[in-house]
Every structure is written in structure tokens, then in C-alpha cells.
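A.B. asks: Predicted structure and sequence below. I'll ask about it afterward.
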Amino acid sequence: MRMSKLYIPTLREMPAEAEIASHKLLLRSGMMRKLVSGVYSYLPMGYRVIRKVEQIVREEMDRAGSQELLMSAIQPKEIWEATGRWDNFGPEMFRLKDRNDREFCLGPTHEEYFTNLIKDEVKSYKQLPLNLYQIQTKYRDEKRPRFGLMRCREFIMKDAYSFDVDEESMKKAYEVMWEAYDKVFTRLKLKYKVVQGDTGAMGGKISHEFMAMSDVGESLIAYCDHCDYAATDEKAEVVYKAKENIQKELKLEKVYTPEITTIEALVEFFNIEHSNFAKALVFNVADKPIIAIIPGDRELNETKLCNYLGIGGHELEMADEEMILDITGANKGFTGPIDLKKEVKLLIDSRITKMKNLVVGGNETDYHLKNANYGRDFTGEVVEDLLLVKEGDICPKCEKPLKMDRGIEVGNIFQLGTKYSDSLGATFLDENGKEKPFIMGCYGIGVSRSVAAVVEQYHDEDGIIWPFVVAPYHVIITIVNVKSEEQIELGEKLYEELNALGLEVVLDDRNERAGVKFKDRDLIGIPIRITVGKRAGEAIVEYSIRGKEEKLEINIDKLIPLIK
Ligand code: ATP
Ligand code: MG
Ligand code: MG
Ligand code: MG
């Protein structure tokens, strides 16, 4: 591809809305563009990366015996009603009606649809096990779409579904998928951990999440260096232990809280007066509602607060009439960007004496304690104490101290059991002619999110450093001065030869300053770089690898074997 022809609208300036590296760099390098919040277009360069990730996923799924097909994004309400998820999925589901008022959703996931597909078609144990997958766009009306490809409302997922005759063979299928996922993420060069996960909206008992390690990851992981224990913060058993302990020692009264997702519900449940605060923001951290109370005259930097709360645990914090926690620190009068963690701590400290009878608890329905008081019930770092699991908590498996880290959930596998086959009446006849429900598993990989995860792990201040396997192109040849015949000639020759070798090559033949070309080249992050400059007459070029310091002046005869 010639850079002069390539549609790659790079940006010199940092996009203002982007906070994390992958979001910034994928926009700046012209790989993608936003349409509306959480909805992106993949431009030619970015789409090449997406397709490479898809291809790796495809190869490993095929190798593991899964068969690819393609289902629709539109799904009728009826199949979702059968499993109860039409209601339970909540506002994350995009719903629509056709001209006859029939209801549909844009699939956030496809358990119902796949189960419905094979139901009545797969009738015998002889047709099992069966494993089907697709690579397709999913739709989730996320409460907080953010971080570019990380949390979108439309995104590409690989989803697979396994159907087995019994628990044992389903577990085998699960293991095979696990291995395939290991291969995928290893090929993507991601540094990742596999952790026990919550089964949440999918149902079932056992699930594992594949977490690409990253400080900007939205998932918190508790893990142990002394044994193999690793779990999401939600799953970590210490959570429950810690909660029990608090309750035992402090003899606090346990209250049963509903899942509060609206201001009205909050006001009602805690019996507070609406007039005490101007605004309560209710939003999700790790899919659980948290509530921040904002005094009338303040705008909250929501992202910062969410980041802060994401790190510091997610705490429902409520008080009676005079004791509303001003989490923005409004009465300190600051305006600019704020260090929320510090401010919240200061605020809490300054109010310790005044506060009493708070409702505190884990970010989970029914895990709240009444009449908690700072100072008495919480000592030291108040905010830290409110964490569910924290660094140093005891590992539930070996009792050594736990460590905490952040990760990006790039994959999730579930042992579903019969939740879907039971409710949709999907059965087969076993060896004895007896009717049985399929034992199922489901397996997701965030294809587009994985691209963001790769960029998070592979970049520097100048741009992306693509691992070879997912790079949009393998080689970039930069002609330093397009007014030089010699340089053009040599550049073109190399371009042809490398293309003939089956390499994917970009020739930067633009009439631009060398500096601009070098900056773009760093930004786009193509791994192998050849600079055709002053020594073109001697057939000597400069060879370097993106992300590495060394530069080699080399004759092209020697260069080609080096790249091959
Ligand atoms: P999260 O915890 O981040 O909300 P999830 O657990 O809801 O993700 P799953 O239902 O397990 O997601 O979906 C399978 C995979 O799809 C996830 O592991 C993730 O890689 C990807 N994924 C889920 N939601 C999004 C999203 N909003 N944007 C991009 N990728 C997503
Ligand atoms: Mg989710
Ligand atoms: Mg999750
Ligand atoms: Mg998940």
C-alpha cells in the first residue's frame, strides 16, 4: 500500500476526550473514529488489526473443534422471555420494535439464540458434543461507555457455545476452550492472568476470566503469589469473610438493601430528604450501583470519581439528614482537576467527629450494615477500609497475604449447565432413549477490546508498538526525500521485492517533510522500518524495529534475508 493513497487520517493533537493510551493512540493514528458515544468505525488500518485478531481467534477455535457460523444481531423477545432475561438484562439491552410492534433486541450475547437454533435439530446423543461459534457485533447500552474500544456499546465479540451429554464432557469442552484461549492470548502477545470470575447475568456456577494486565483495566484482581489463587474482586472469597468479620466484631446490625439504581429509590430507602442534596449520581462500578452525593453548586468530574472509586473500592455511602458525604469536596472551593482520593480522605477525616450512624457495606445487595461510625468502627484509612478485598487480605486458599492488580477482561468462559436448555426446552435423546437437556458452556472473547488491550501493553509516548502478528502492516518503507530519483527508485524496488515475499508493506511515498513521516511512522507502530535516504545511491538503507533503539545501516542485499 502506498501511504499517498492510504486513508489514514492521523491527528497531530491529542483527542481531548481520550484518557487512556489505547483510546488516544487508536484515534490519533487514524485507526478508528467515533460516531457516537461507545460506537466506533474501524478505518482501513484499524480494521486490518481487527481482522488479524479475528483470524487468530478463528484459527484457534477451529483447531479446538468449534465450527464457525454467523447469526443475526436481531433477536426476538420471545426467546429472551423464556429464560427470564428479557427483564433481567435490564437497561443494558438495546430494544426495538418492528412495524407491527413486535419486540426485538440487538443481541448483547447469544445463549438463547444458539440454544434455540439447535433445539429440535440436534435430537440425539450421537450428534454431541457440539461446539459452535461466531465472530459478530454485540450491542450493550453500557451505562458508561468509555476508554475507546475498551467499553463500547457496539463491539466485536467471538462467542462460542458448547452442547454436551453430561457434566463430565461439558467440563472437557470447557478445558479445551480454556486451552484455546491460552493460545489466542499468547499469540496476541498479551500478558494476562486467568482468574475465577463471577457468573453474573450468564448464570451457571463456574467461570474464568482472562485478564490482560493493565493499570487502566476496569477489573480488580486479587491473586496469591504463594498458590494459584486468583479471582476478580467480586469473586474473591475473602470478600465474604471480611464482611462476616466486620459484622461479628462490631455487632452492627445487618440491613437488607435492595439494588438501588435510582435517586428516588435511594431517597426512599434511606429515608433522607431530597432537599439535602441537589443531585445524587447513581452509576455502575463493576456492574454494581454506587451513589455519589453532589451538593447543589457543584459539577462532578464523573470520570475522575469513577476512576477513584474503581481503585478505592466501590462503596455505597449514605447518611441521615445532616450527614451527607460531600464526595466532591465542594466546600473546599476548588475548581480545577482534583485529587479525589486525597480530598475524600480529608473530608472524611474532618468529619469523623460529626458522622454517625452510616449505612456501609459491600457493593452488593443485602450486604450492608447499619449504624457504622467512623473512628469507632473504622480506624486508620477510612477509604481503604471500605474496600472489599485489599492487598494483604488473607488468601482463602493458603492464607498468605493476597496481592491486588488491575486487568482488562478480554475473555470469559462459563460452565452454564442447563439454565438455557431447561428454559427453552432444548433436549436430546440419550443412549437409553431418555430425554435430557443439553449441558452447556459459553465462551466469549472481546475481539475489539483485545485490540485496545494490546495497545495498552505495547506503546510508548510516540505511538503504538504493534506485535508483529497483529500489526496492520509488517514493514514500512520511508522515502526520506521524494524529490530524489535514487531514493524513489530504491524505495519502489524494495517495495516490490518485499511484497513479492508475501510481506505486507507500506511505502511512505508522500511529499511530506521527513520529520512528519517519522512521527507518523512511530505513531502507527508498524514493526519493521526501512528508511531510504541519502545513501540510496549505494543501495544502503537504514533498518530498525519500532520500539528498539538500534539502527542498522545495511545494504539491501543483506537486508532482505534479514527480514525474510
Ligand atoms: P465487563 O465486565 O467488562 O462489563 P462482561 O463480563 O460484561 O464485561 P461478557 O458478557 O463476559 O462481558 O462478554 C464477553 C467478552 O466481551 C468480555 O470478556 C469482554 O472482552 C467483551 N466485552 C464485554 N462488554 C464489552 C464492551 N462493552 N465493549 C467491548 N468489549 C466488551
Ligand atoms: Mg458488562
Ligand atoms: Mg465482567
Ligand atoms: Mg464477563
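C.D. replies: Now that the structure is in, tell me what you want to look at. Ligands and ions are numbered 1, 2, ... in the order given.

A.B. asks: dump the residue contacts of the closest residue to ligand 1 within the stretch 301-450 of the chain.
C.D. replies: Residue of the stretch 301-450 of the chain nearest ligand 1, by CB to the nearest ligand atom: G446 (2.2 Å). The way it works is simple: take the backbone N, C-alpha and C, and place the C-beta from them, glycine included. By CB atoms under 8 Å, 6 or more residues apart in numbering, the contact list for G446 reads 155-157, 409-411.

A.B. asks: can you check Y192 too?
C.D. replies: 185, 210-213, 407, 410.

A.B. asks: Ligand 1: which of those is nearest?
C.D. replies: Nearest member of these to ligand 1, counting by CB to the nearest ligand atom, is V410, at 4.9 Å.

A.B. asks: Secondary structure element for the closest one, which one?
C.D. replies: According to DSSP states H and E, V410 maps onto strand 403-417.

A.B. asks: can that strand be found next to ligand 1?
C.D. replies: Yes - using CB under 6 Å from any ligand atom, strand 403-417 comes into contact with ligand 1 via 409-412.

A.B. asks: Filter those residues down to the buried ones.
C.D. replies: Among those, those classed as buried by neighbour count (16 or more other CB atoms under 10 Å) are 409-412.

A.B. asks: could those residues be laid out in CSV, adding distance to V49 and pLDDT?
C.D. replies: Putting those into CSV (distance: CB to CB, whole Å; pLDDT from 0 to 100) gives the following:
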residue, distance to V49, pLDDT
E409, 19, 97
V410, 15, 98
G411, 18, 98
N412, 22, 97
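
A.B. asks: Would you mark the buried spots in the strand holding V410?
C.D. replies: 403-417.

A.B. asks: L132: which element?
C.D. replies: Going by DSSP H and E, L132 is in strand 130-139.

A.B. asks: For the helix or strand following that strand, output the C-alpha coordinates as CSV.
C.D. replies: Tracing the chain past strand 130-139, the next element assigned as helix or strand by DSSP H and E is strand 154-164. The C-alpha trace of strand 154-164 is given here as CSV (Å, rounded to 0.1, in the frame of the first residue of the first chain):
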residue,chain,number,x,y,z
GLU,A,154,-21.3,-1.8,19.8
PHE,A,155,-18.3,-4.1,19.8
ILE,A,156,-17.0,-7.3,18.2
MET,A,157,-17.1,-10.5,20.2
LYS,A,158,-16.3,-14.0,19.5
ASP,A,159,-18.9,-16.1,21.2
ALA,A,160,-18.9,-19.9,21.3
TYR,A,161,-21.5,-22.3,22.8
SER,A,162,-20.9,-26.0,23.7
PHE,A,163,-23.5,-28.7,24.0
ASP,A,164,-22.8,-31.9,25.8
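
A.B. asks: Tell me which strands strand 154-164 pairs with, and in which orientation.
C.D. replies: strand 130-139 (antiparallel), strand 439-446 (antiparallel) (DSSP bridges).

A.B. asks: Could you double-check that L130 sits in contact with V165?
C.D. replies: No - using CB atoms under 8 Å, L130 is not in contact with V165; the gap is 10.2 Å.

A.B. asks: Number of residues surrounding the closest residue to M14 other than its chain neighbours?
C.D. replies: Closest residue to M14 apart from its sequence neighbours, by CB to CB, 6 or more residues apart in numbering: K24 at 6.0 Å. K24 is flanked by 20 other residues according to other CB atoms under 10 Å.

A.B. asks: Now K24, what are its backbone angles?
C.D. replies: When read as degrees, to the nearest 10, the backbone of K24 gives phi -60, psi -50.

A.B. asks: so how far is E17 from it?
C.D. replies: Separation of K24 from E17 (CB to CB, to the nearest Å) stands at 9 Å.

A.B. asks: now swap in R146 and tell me
C.D. replies: For R146, the distance to E17 - CB to CB - is 9 Å.

A.B. asks: Compare these two and say which one has the larger neighbour count.
C.D. replies: A count of neighbours by other CB under 10 Å puts R146 above the other of R146 and E17, at 21 against 13.
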